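> Please work out how this folds:
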Amino acid sequence: MRKALRARVKFAGSVVCAAPVLLFALTACLPEGGYDKVTHREKRELPPPDFPPPPRVIAGVGQTAASARVVATNLPAGVTQEMVDEGQQAYGTTCTACHGANGIGTPVAPALNDNQWINISGQYPEIVQVITNGVPNPKEHSGAMPPRGGGNFSDEQIRALAAYVYALSHQGGGA
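Numbering: from 1, shown residues only. A predicted model of the protein is given here:
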């Protein structure tokens, strides 16, 4: 028992003696006065993105007489003209940047005002799903569509947006 106690005391003594030596060695490695202050940071240039940025959207600009109220004639069950109107309003806040005013399309994103669909068949539930989940790997066009169209839309607003897009694409009376 005494032997074990002596070993512990001897070990503790060597640690206590070694601590100042170690501390002295560490301080010798530091530059005078401690670390140098960082007065600036270098700005590294970022690589260019793989796709072009969406066109700028200025609130109130691009809503011309051509963007007159879309009146739907053959909406699916559960979809109302009020939803289309609300969706048209929401569309102008975010979606116009990539899909263009009135859904005419841009080099970044496809047209929504025709009956030609790339990723879906154009039915209302599918449009809701695409807006909700986005299109991370589009088959055509350079821009990926983020979930919720990149906006902070509620589920109700997404259904309204889908109603507007459905009305845009089915204006000719076809289903």
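> remind me which residues of the protein are low pLDDT?
1-38, 49-67, 172-175 (pLDDT under 70).
> Could you chop it up by domain?
Domain ranges of the chain: 1-29, 65-169, per automatic domain parsing.
> Would you mind finding the most buried of the ones you listed?
Most buried of the domains of the chain, by mean neighbour count (mean count of other Cβ atoms under 10 Å): domain 65-169, with a mean of 17. Glycine gets a C-beta too; all of them are placed from N, C-alpha and C.
> looking at the domains of the chain, which is closest to residue 47?
domain 65-169 (16.3 Å; Cβ to Cβ).
> ranges for the strands of the protein?
Along the chain, counting by DSSP state E, no stretch forms strands.
> Mind jotting down where the helices sit in it?
Applying DSSP state H to the chain gives helices spanning 2-29, 81-91, 96-99, 124-133, 155-169.
> Settle this for me: residue 105 is touching residue 98, isn't it.
No. Look at residue 105 against residue 98 with Cβ atoms under 8 Å: they stay out of range, at 9.0 Å.
> that older thread, is it possible to get the domains of the chain out as TSV so that each row also shows distance to residue 45?
Output for the domains of the chain, formatted as TSV (distance: least, Cβ to Cβ, whole Å):
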stretch	distance to residue 45
domain 1-29	34
domain 65-169	22
